[in-house]
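Visitor: coords below, sequence missing:
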């Protein structure tokens, strides 16, 4: 039993913070789900310790290899609803104050589940999870491993890059033993994941470029022509991601190092822009 089990915690999911969008040339796009906890001290302490350890490790690596941060593939999935609602179910921020946000729900749950990997040199994806009948489905362990084997690794080989690290969050389908073993075969000690050689700190969407940039940026553009079908929405997502220029990704990744500085100075705290700006 972990230390949180000894706390009397009342956690109420309040919903999603709308994205704070910058200009297309900017590098600050925020989209996270907010969790309110009246008794969240233990959660904060455990999370902050893990975040401090990760930041110390990352900054030590950058001190030895100055472009280390440019050689990490960050990955994530997002649900895109046809009616314009975007939900990233694995991205939570824990706040000690009620941010007074509203729950947004989908009346028509037609959606796409989209995966991407982003690094300073480009974006691998989007990949849309579908079953054998080509119907859109939510990701599970088998589908995720199939994506890695049949799409991600071949695409990675096409980029002709060496010694990239790979980051993923702690979703169950990501951290199953079979999945971790598969990723270790490709990335070895460069895997950043729960149960991997380098632990990814939980509840750290403010350190994931797909959360603080990509999904919000894509959402700001793909619904402009009001797509009426999932095929139309999928084509829009592909087009918008394909049009993202390398210069923008370089800014996004440089912003990541500033986030490391903030988290180290604040002893593991989450970035206040993510928690409170709406």
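Guide: Sure thing, it's come through. As the structure is a prediction and not an experimental result, all values here were calculated from the model.

Visitor: Just the residues contacting the one helix or strand residue 240 maps to, thanks.
Guide: Taking DSSP states H and E as the criterion, residue 240 maps to helix 230-242. By C-beta atoms under 8 Å, 6 or more residues apart in numbering, the residues outside helix 230-242 that reach it are 80, 82, 110-112, 114, 116, 123, 125-126, 128, 136, 214, 217-218, 221-223, 225, 227. C-beta coordinates here come from the backbone N, C-alpha and C atoms, glycine included.

Visitor: is residue 117 in a bridge, and if so with what?
Guide: With DSSP bridges as the criterion, residue 117 is bridged to residue 75, residue 124.

Visitor: just checking, it touches residue 74?
Guide: Yes - in this structure, residue 117 is within contact of residue 74 by C-beta atoms under 8 Å, at 6.8 Å.

Visitor: so residue 205 touches residue 215, yeah?
Guide: No - with contact defined as C-beta under 8 Å, residue 205 does not reach residue 215; the gap is 9.7 Å.

Visitor: Tell me how far residue 155 lies from residue 67.
Guide: Distance, residue 155 to residue 67, by C-beta to C-beta, to the nearest Å: 22 Å.

Visitor: thinking again about what came up before, in the helix holding residue 240, what counts as buried?
Guide: For helix 230-242, a neighbour-count test (16 or more other C-beta atoms under 10 Å) marks 230, 233, 234, 236, 237, 240, 241 as buried.

Visitor: Give the residue spans of the stretch 151-278 of the chain that score low on pLDDT.
Guide: 160-161, 273-278 (pLDDT under 70).

Visitor: Which stretches in it count as strands?
Guide: 165-167, 191-192 (DSSP state E, counting those that start in this stretch).

Visitor: The first one packs against which elements?
Guide: Right, strand 165-167. Contacts defined by 3 or more C-beta pairs under 8 Å, 6 or more residues apart in numbering; DSSP states H and E place strand 165-167 against strand 72-81, helix 177-187, strand 191-192.
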